[in-house]
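[1] Give me the fold of what follows.
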Amino acid sequence: MKEVQIKSKNGFGIKELEALKGIFFEEEKILKKINKIEKKYQKEFPLLKISLEEKKIEDNNVFLKIEIKNSEKIKFNFGKNVKLKERRKIIKKIKNENYGFETIPLILEDYINSLVTAGYKNAKIKFERGKEYSIDLDKGKKFIIEEIKFFGNESIKGEEILKGFKLLKKDVPLDYKKINDFLDYIKYIYLEKGFWDVEIKLKEEVEDNKVILNFFINEGKQLMCKKLIVEGFPDGFHLPDLNLKENLPLKKSDVEKDLQNLQKNLNDKGFYYAKVSFKIEDGVFYYIIEAGENFKINKIIYKGLNNINLEDIKNEVKIKEGLPFSFKNLIELQGNLFSTSLFSSVNIKPIHNFDEENTVNLETELKEAPPITYSYGIGYDSYDRFRLQFSFSHINFLNKRYILGFEGRLFSNQQMWRLSMRDPTFLNSEFPLFLGTYRSIEKRPSFSLKRWGTVVEITRNYGKKTQATLRYDYQIQIPFDKKENFPIPKEEEEKKVSAISLIYLNDTRDDIFFPKKGSFFSMEAKYSFPFLFADTNFLKIHTQYSFNLNPREYTTFAFSVRLGYIKNYKKENVPIGERLFLGGRNTIRAYSYDSVGLEGDTVINGAVLGGNMSFLLNIEGRQLLSKNFGFNIFTDFGQVFSSYKVFKIKDISGGYGFGFFFLTPIGPLRTEIAKKFESVPWDDDVQWYFSFGFPF
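    Numbers count the residues shown, from 1 in each chain. Predicted structure coming up:
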């Protein structure tokens, strides 16, 4: 920057602003620097405002003009009645909303109005400006609702109205925001019964700090739908089901739903400019439709393709020429193009096609994404300790729709690498094909395990919530560093596993990282059979169901049940790497990783062997204390058995605990501590965790 001019009424200057001269100009960074400087000086000059008033660019030089306002040292003197919490609120409001000293009285008046709305009907504030700003506040008593009365409500009893709106009750503090919501609620329930002309007035009776609320209701005339007529719906198209029914009251919500459904139905059929309205005449209800012309997609024109072959992505795009021109199809086309991972931006412009009547060409401007991307992450948690993860991917590999990927993990308890290839349109179908090979070393409490393997899988998505996967996996498993007296015979140490799996997922949660509503269901059936020198033969089934309840805005209850079962068809034990284990941050938190077992059954000489049956139940409550911070309490129950034949409810163990979490842009960070219900000799009574994400 060539020059920085500082504009201030009293000649007030700030060295940090003058130091901007000579640095490289990036507007976003300059604005951030100005904002940072403003916050620093506001500690001494509370009402200070610094803004970028003007910028000029001549040749390669940039000239800035920065304006400084309210650069006077001021001090607020609060009266004895103003408590510390109230002082902070007032100062914060003045800082956030101030545009000059003359606006302070207006801001304070607005603050008083907010107190009155909250039930402090007699709140007053005194403000004097001299060498200091003197502010004194008298909030008075908060008014209490003594009684709620209704007049003129012949169709709906007052008790019924109050029962449906639990925020307003007798003997609770007066709050006009809730009262306004209550008035809207009364109107809504009358509209739902067909009283479209209802009028509601509120009159208050006040004595001391007690208030009687009198609601006077003029119900008007109840409207019935004697006959329902739809005018103007296009011939040859199926009329959607309507919520409004004849010989029933005119429910406002039914009318609104019908208007939306009719509009959407017409738009989806290509009537892009359709209009839907209604009228009522002598009890006859009319939906009036102005459909307009019916448009179709004539041609999709792709611009910006350089390295990508159009034929390779046509199956993924799915929107074909000849379909109705609708907002739904535009969004689907844009979403499908983004989901290919080949484009960093997609912009679709509809252009009228003058060569053929009622048709539209879609001009799609595409910006190709870089073919090669890298990523890495460094972290720490209480189990893996140091974590390093890195990956590489090459999209459109060999100018085909192949995605080449490499992933590596270097954790204190795990090392893994995987090389993979993915074909999103295998054999021009909707079934993505995944082919990968991997090697890993895992450190468990009683042993370590090496794995080499190759996996092939085909996945099919059914909508956005459901997915099914068919997988073939070939593994070589070798346990080592076994705990002393770990009972695995030498002839069973190295195992080759050839298995085919079917995996089903259904996820209706509202958020993957911090779900408040919805459920998650998964089931995997894995069958191992003798093939390519593999000699294991077993059936392994694992299923999980979890759901979330959100009774209040900041409160969530989460529940999860998991069951595992293995049927072994050979005399030799199931490989140690395939057995069922529990314990750790994502299962039973009162136990360390993979340390749950039944002594004499799945725990021998202090060594945890895993089992052929597992049961797990998690119950957790999560409470947000602010936008990003909260705490959780939980209890976990479960056990691992060698067989379903030895399953007993009395043998189920578990623990309880609590923790805190912080919501970050990439998910929740959590720290938790848990204690066992009963001690076991091979594991500590108390466990603590620092980790990422919720366990279910």
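[2] Leu266 is in what secondary structure piece?
    Taking DSSP states H and E as the definition, Leu266 sits inside helix 252-268.
[3] what about the helices in the stretch 201-350 of the chain?
    Here the stretch 201-350 of the chain has its helices, by DSSP state H, counting those that start in this stretch, at 252-268, 310-317, 327-339.
[4] among those helices, where is the model least confident on average?
    Comparing mean pLDDT over the helices of the stretch 201-350 of the chain, the weakest stretch is helix 310-317, at a mean of 79.
[5] List the buried residues for it?
    By neighbour count with 16 or more other Cβ atoms under 10 Å, helix 310-317 contains the buried residues Asp312, Ile313, Glu316, Val317. From N, CA and C alone the C-beta is placed, and that goes for glycine too.
[6] Let me see the residues that make contact with it.
    By Cβ atoms under 8 Å, 6 or more residues apart in numbering, the list of residues contacting helix 310-317 from outside reads 300, 302, 333, 336-337, 339-340, 342, 396, 400-401, 424-425, 428-430.
[7] same thing but 6 Å
    Tyr302, Asn336, Thr340, Arg401, Thr425, Asn428 (Cβ atoms under 6 Å, 6 or more residues apart in numbering).
[8] so which of those is the most crowded?
    Neighbours here are counted as other Cβ atoms under 10 Å. On that basis the top member of those is Arg401, with 24 neighbours.
[9] any idea how far it is from Arg422?
    Arg401 sits at a distance of 9 Å from Arg422 (criterion: Cβ to Cβ, to the nearest Å).
[10] ditto for Pro173
    From Pro173 to Arg422 the distance is 60 Å (Cβ to Cβ).
[11] the more surrounded of the two?
    Relative neighbour count places Arg422 above the other of Pro173 and Arg422, with 21 against 14, counting by other Cβ under 10 Å.
[12] what sits against the more buried one?
    Contacts for Arg422 (Cβ under 6 Å, 6+ apart) come out as Ile403, Phe434.
[13] do Gly638 as well
    Residues counted as contacts of Gly638 (Cβ under 6 Å, 6+ apart) are Leu582, Ile588, Phe615, Leu616.
[14] Swap in 10 Å and give it another go.
    561-562, 582-583, 587-588, 591, 596, 614-618, 652-655 (Cβ atoms under 10 Å, 6 or more residues apart in numbering).
[15] Centre-most residue in the protein?
    Among the residues of the chain, the one closest to the centroid is Asp511, at 3.4 Å (Cα atoms, centre = their mean).
[16] Okay, that one and Lys517: tell me how far apart.
    Counting by Cβ to Cβ - Asp511 and Lys517 are separated by 9 Å.
[17] Quick check, Asn400 in contact with Asn309.
    Let me fix one detail, which is that residue 400 is Lys and not Asn. Yes: in this structure Lys400 lies within contact range of Asn309 using Cβ atoms under 10 Å: 7.9 Å.
[18] Distance check, the nearest residue to Glu290 once chain neighbours are set aside against Leu266.
    The shortest distance from Glu290 to any non-neighbouring residue, by Cβ to Cβ, 6 or more residues apart in numbering, is to Lys275 (4.4 Å). Taking Cβ to Cβ as the criterion, Lys275 is separated from Leu266 by 9 Å.
[19] list residues touching both of the two?
    Between them, Lys275 and Leu266 share the neighbouring residues Ile289, Glu290, Ala291, Gly292, with contact defined by Cβ under 10 Å, 6+ apart.
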